[in-house]
Every structure is written in structure tokens, then in C-alpha cells.
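Student: mind folding the following:
(chains A and B)
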There are 2 protein chains.
Amino acid sequence: MHDEKILKILRTNTDIHTSSDELCKTTGITRAAVWKHIESLRKEGYDIEASPHLGYKLVAIPDSLIPSEIRWQLKTKTIGSAVISYKKVDSTNDSAYALAENGIAEGTVVTAEEQAHGKGRHGRKWESPPKAGVYMSCILRPAMAPNEIPKITLVAAVAVTKAIRRFTGLEAMIKWPNDILINGRKVCGILTEMKAEQDSIDFIILGIGVNVNTPGSCLPKGATSLREELDGFSKKDNLSRIGVVKIILESLEEEYSRLRIKGVKPIIEEWRSMSMLPGAKIKVLLSNRTIEGEVHDIDSDGSLMVRLDSGVFEKVSSGDVVMLR
Amino acid sequence: MHDEKILKILRTNTDIHTSSDELCKTTGITRAAVWKHIESLRKEGYDIEASPHLGYKLVAIPDSLIPSEIRWQLKTKTIGSAVISYKKVDSTNDSAYALAENGIAEGTVVTAEEQAHGKGRHGRKWESPPKAGVYMSCILRPAMAPNEIPKITLVAAVAVTKAIRRFTGLEAMIKWPNDILINGRKVCGILTEMKAEQDSIDFIILGIGVNVNTPGSCLPKGATSLREELDGFSKKDNLSRIGVVKIILESLEEEYSRLRIKGVKPIIEEWRSMSMLPGAKIKVLLSNRTIEGEVHDIDSDGSLMVRLDSGVFEKVSSGDVVMLR
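Tutor: As a prediction, the model looks like this:
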């Protein structure tokens, strides 16, 4: 409590020092107690300058996904209404899933600095080196039937793509079903999991993994990170992962509200405008065979419409897309 | 191990006594050890007659859902390939769900003598008094997309209805979406839950609750039990719950295989023949309103087609049906 009060005062006065006296007055605790709280904030990674005569000044916030930092001036009502941050978990999706099974509220977000077993689609691995990326999962409880889940995946892809565009200014694109690419290389993956009854979704776990500062040497083939793509950006400086989380949460809330109010149609239109251009030559690996053709469109249920080389159209609801040149 | 060997010998010789000597010879253990195993079987509820000169004879098996009893001569390959039985659980669906999350194989069945918080659809309660009914959950892992889950619910409804008909000779009927009624009163409920990714089901938990020997005084309004409906059956005698479990597992395997081989069409046709007659006057309670009309048909995706009083058709994928007269 006092930590947060002190932090709030320092945060709003980053250009000047705040005297011990003032901190004592506002928090109602002694000078010694103020000092103890400053020390505890420093342990969390806050860089606080202390001058015997002038008092305290916040110089830098830590490069850690601390809930209070994520929630600081976050412009959302639901998404991120609670944030739970771990140093290391097996998978944020698994942690969020367990919390959701125990009834935790919609909008709760789980983040981790590192994942021991980060998950991709269909049991694949998602590389999650410590403090390099954003590994987060958001709990949603939409009043929907399970066959409507592609709507949520579309919302997530649109929201995260917009967030990455806003944050970096780079032209992030969606690769069906829910990868996000910059310059043709994967920078973000989305994994949607759910628990449902036959006719109603209990909850959805929206897992979002973004390679933020991940160095090229730690990235799997075909992958990239935001920092790698930002040419002018000094390779020594890290991008703010907290900033990435916040912009994603805000974008997610916007699109999720829009889905509720206006339905899926405008989402699909935006998805189209941000996805691989219609006409791109692709190969699709299905569970039991491979097809080749060109991208025709996306269907209202989230399926990919492929125009096969034979001229026949095929609707694909599950598979992996490989771009051909 | 020795328990099971001894039980097998006694089981195949229920008309004569089996001597201690023979049991010793077949199992390779001492007379004293044989006696200890007989005692342990008796503790489980097996009624074994012991005669000093003649030996042992199995008189009755216990009225408990013991895995070895359920698996005894069970004619299935997958469904019931493993059976896990509890005295009391919160909910067999929750127990099975936790097992499935840990990767347990398809076909594994969880049963309980009693449920503290037996679950119905949409968070409702399923009354589960001790040893009165069959409370079981089966883990399925079909290679399907989540929007195909109604197929599994149709399979379950058809399989369990057939099983109840075979077991009792009574004309059990399906009430959409997945209740089973005898003489208009509910005798069985099916709760389908799943964990899935956007485009593939991880697993399904098929929860089946049957009121078998439940006395009328313990039944909620509108419900009945198999014993209550079997007129000629002495109210003192209990029906074999083990028998009910076995016939359901066998029927489930039949229909589940049929779905895989022949698709959903024959299942739907059978569902139709066992469901409320087309034309029945009904009221459907939807999440936000109520509609009235008559049953027209069931759709290939498991939805109920209702012909409203206005003449318009409405497709219902989630709701509760009330029969009108």
C-alpha cells in the first residue's frame, strides 16, 4: 500500500526531487519507514535517486512485467482489470486456465518473464527466453456457443496486429489463422483455448506471445522480434515490454467491445485488410494431406477459402499455411 | 492380482464349491494366503460361502461399481478400457476432466457411488444420492473441430437411450438436447464438456447420470428412476448398477465407432426415431426470451428446428424445452 503511494508521488514528479518530509506527510509514516519502502522498491528494480538534502527522485522503472506498472494509467475497464505476474511458469495459458477453472473474473491477465514450456498451436513449443518477449494470457468469458470461438481468434489477431503497428509503426500483417508477421517473419503467435459445454463457452484463454527484444540468435527459423525489425533502433536499447503489454490490452478491449456491439462483420473486414493479400500462392498442410492454390478470402466463420490449382474452391478450418513464391 | 485370480475361478464355478486345494494349486499360494484373499474380497462386499469340507462358493457380488466387475466380460475395446471408481467425488466430470488434462487415454471411465456436487447443464445440480444411481464420465479424444461437438452429444443420447431400452425393455425417449425420459419423466441426463483449441478438440468429457434405484422420495420433480418405472419389479430388489454401466459402455462404443465409420447421418436418423414426435407443442426457454411452437425437426448440426406459432421457423442451438399439452 505505502509502496504504491510513494511510487505514485515519485512517478508524478520525475523532473524534481520529492523531499522526505513531503513523503512522510502524504503517507502518514515516519522517515525511517519511508526509507524502508524506498529500499523495497529498489529491490523490485526501481531506480530511485536519493539526495540527502533534496529527497528522492524516480530515475527508471524496472524492465519487469510488474502488475502495478501494467495497470498504471491503463485505459481499459475489463481487459487487465486484474494482472497476475509470474517470474517463471510452465505456460501462462496453463496458469490462466487453472485460475479460470477456479472462477476468476473475465479480463484477468497472466504474464510471465519466462516460460519453461511455452505452448504454440497443436502442442507445439513457443520459445520463451527470460525477459526477451511478452508471454501473456487473458481470460475471456463471452456468452457464446463453442462454434463461435473463431470470432474471438479474429478479434485477437486484429487487436494485436493493430497494437504492434501502433507501437512500432511497422506494417505487421496477419497470416491465417493467427500468426502475426513483420516483413514475412513471425513476430507473434496467438493460441486460443477454451473450456465449454456443448452449447456454451465456459471460458476462453487467449494466449499471446510476442518476440519483443529477443535477439536473432535466440529466434527459431522464420521468426523475428520487434527489436530486430526496428532498423534505426539501437541494438543496445530494449523496447519496453510493459508498453507492449499495455497497448495490446487496450487494443484488445477496443476490438472485444466492438465485437459485442457491432458483431463480427467489421472485424472480418479489418482482418482482411491486414492479412496476406488475396491471390498469394500458398501450400496448406492439412492433417492428412497437402493442398496448393491461392488465397481467395476468409469466411465469416474464420475459415480460409483457397482456390486450388484445379480451379475448385476449398474451405480450410484447420491447417498450417506455407507461403510459396 | 491373487484376489482377481481367485475371483475368476469362483466366478466360473458359481454352482459348485471350489476346494482350498484347487485355489492353492491354481494361484500358487498357501491355504492361509488363500483365506486372507477370501477375507479381503468379503470386505469389498463379495458374499463368499466357506464350507470346511467343500471349499468356497461365490454367492453374490457387491452392489458397488468395482472396476473389475465393470470390466468383467465387457465387450468393448476402447470405451471402458480403463475404469476408475470412487466412493464419493464432487463430480465425476470434474475428476475425469482433471485426469484428461494429465493426458489419460481415450475411453477411460470414471464412476462414483455418490457425488457431492453432481453437475447438470449450465451449472445446475444433478441429485446423486449414494448407490442409487449411475454417475459416470467417459473421456473421448475425437479428431474433430470444436463445432463438431454436437455429433458427440447425439451419439451419446442415442447410445444411452438404446442401452436403457435394452436393459429395461421400456420405451426410453430423447428430449432435446440430451435428456432421456421414460413415460415423460427424466431418468437420465448427459453433460458434454470439452477442452479445445480454436480448430481442434483436445478432449471431451461425456458425463452420464442415470437414476437407477433412486426411490421416488429422493427424486426431483419431473424425474423418475428405472426401478420406479419397472412396474412388475419388486420395490425391494435393486437393479444392477454394474449391469447398467456395462450396457451403456457397450452401446457407447457401438455408436461412437459407427460415427467414425459412417458419419453422423445414420446417428441423426436414429436420434429422430427415438426423440419426441415431430409436431409436439413446446415452449423453449432461451437465454434472453421464450418462444412457443411445435417441434419440426433436428438439424444436422444438432440444433432443434421449431415452427413458431407465427409460422416462421427458428433454429435453436441452446435452450431448455418444456412440453406443452
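Student: I'd say residue A:323 and residue A:277 touch.
Tutor: No: here residue A:323 lies out of contact with residue A:277, judged by CB atoms under 8 Å, at a distance of 10.8 Å. Any C-beta I mention is one placed from the backbone N, CA and C, and that applies to glycine too.
Student: who has more neighbours out of those two?
Tutor: residue A:323 (14 against 9; other CB atoms under 10 Å in any protein chain shown).
Student: could you pull out the buried residues of the strand or helix carrying residue A:296?
Tutor: Element membership for residue A:296 (DSSP states H and E) is strand A:290-298. Within strand A:290-298, the residues that count as buried by 16 or more other CB atoms under 10 Å in any protein chain shown are A:291, A:293, A:295, A:296, A:298.
Student: which residues touch residue A:54?
Tutor: Residues near residue A:54 by CB atoms under 8 Å, 6 or more residues apart in numbering or on different chains: A:17, A:19.
Student: residue A:325 now?
Tutor: Contacts of residue A:325 were listed using CB under 8 Å, 6+ apart, and they are residue A:281.
Student: and residue A:193, bridged to which residues?
Tutor: Beta-bridge pairing of residue A:193 under DSSP bridges involves residue A:205, residue B:197.
Student: now swap in residue A:138 and tell me
Tutor: For residue A:138, the beta-bridge assignment (DSSP bridges) gives partners residue A:109, residue A:206.
Student: per-residue pLDDT, it?
Tutor: Per-residue pLDDT puts residue A:138 at 98.
Student: that one against residue A:104, yeah?
Tutor: No: using CB under 8 Å, residue A:138 is not in contact with residue A:104, being 11.3 Å away.
Student: one step back: whatever helix or strand comes next after the strand holding residue A:296 near chain B anywhere?
Tutor: Going down the chain from strand A:290-298, the next helix or strand is strand A:304-308, by DSSP H and E. No: counting by CB under 8 Å from any CB of the partner chain, chain B is not contacted by strand A:304-308; separation bottoms out at 10.7 Å.
Student: spatially nearest residue to the residue in the stretch 1-150 of chain A that chain B sits nearest to, not counting backbone neighbours?
Tutor: Closest residue of the stretch 1-150 of chain A to chain B, CB to the nearest CB: residue A:147 (3.4 Å). Spatially, and ignoring its direct neighbours in sequence, residue A:147 is nearest to residue B:147 (3.4 Å; CB to CB, 6 or more residues apart in numbering or on different chains).
Student: check contacts around that neighbour.
Tutor: Residue B:147 neighbours (CB under 8 Å, 6+ apart): A:146, A:147, B:301.
Student: ok, residue A:100 next?
Tutor: Residue A:100 neighbours (CB under 8 Å, 6+ apart): A:108, A:139, A:195, A:202, A:203, A:205.
Student: so which of residue A:138 and residue A:104 has more stuff around it?
Tutor: Set side by side, residue A:138 and residue A:104 show more neighbours around residue A:138, with 28 against 17, by other CB under 10 Å.
Student: how much space between residue A:223 and chain B?
Tutor: From residue A:223 across to chain B, the span is 20 Å (CB to the nearest CB, to the nearest Å).
Student: number of nearby residues for the closest residue to that residue other than its chain neighbours?
Tutor: Spatial nearest neighbour of residue A:223, excluding adjacent residues (CB to CB, 6+ apart): residue A:186 at 4.7 Å. Other residues near residue A:186 come to 19 when the count uses other CB under 10 Å.
Student: and residue A:186, what pLDDT?
Tutor: The predicted local confidence for residue A:186 is 96.
Student: quick check: it vs chain B, distance?
Tutor: Remark: distance between residue A:186 and chain B (CB to the nearest CB) = 17 Å.
Student: do the same with residue A:238
Tutor: 32 Å.
Student: that residue contacts residue A:225, correct?
Tutor: No: if you go by CB under 8 Å, residue A:238 and residue A:225 don't touch, sitting 10.6 Å apart.
Student: residue A:311 in helix, strand or coil?
Tutor: Taken by DSSP: H, G, I helix; E, B strand; the rest coil, the conformation at residue A:311 corresponds to coil.
Student: for whichever residue of the stretch 201-325 of chain A sits closest to chain B, grab the count of nearby residues.
Tutor: Taking CB to the nearest CB, chain B has its nearest neighbour within the stretch 201-325 of chain A at residue A:318, 3.6 Å off. When neighbours are defined as other CB under 10 Å, residue A:318 has 19 of them.
Student: please name the nearest non-neighbouring residue to it.
Tutor: residue B:199 (3.6 Å).
Student: now do that neighbour: how many residues are near it, please.
Tutor: With other CB under 10 Å as criterion, residue B:199 counts 23.
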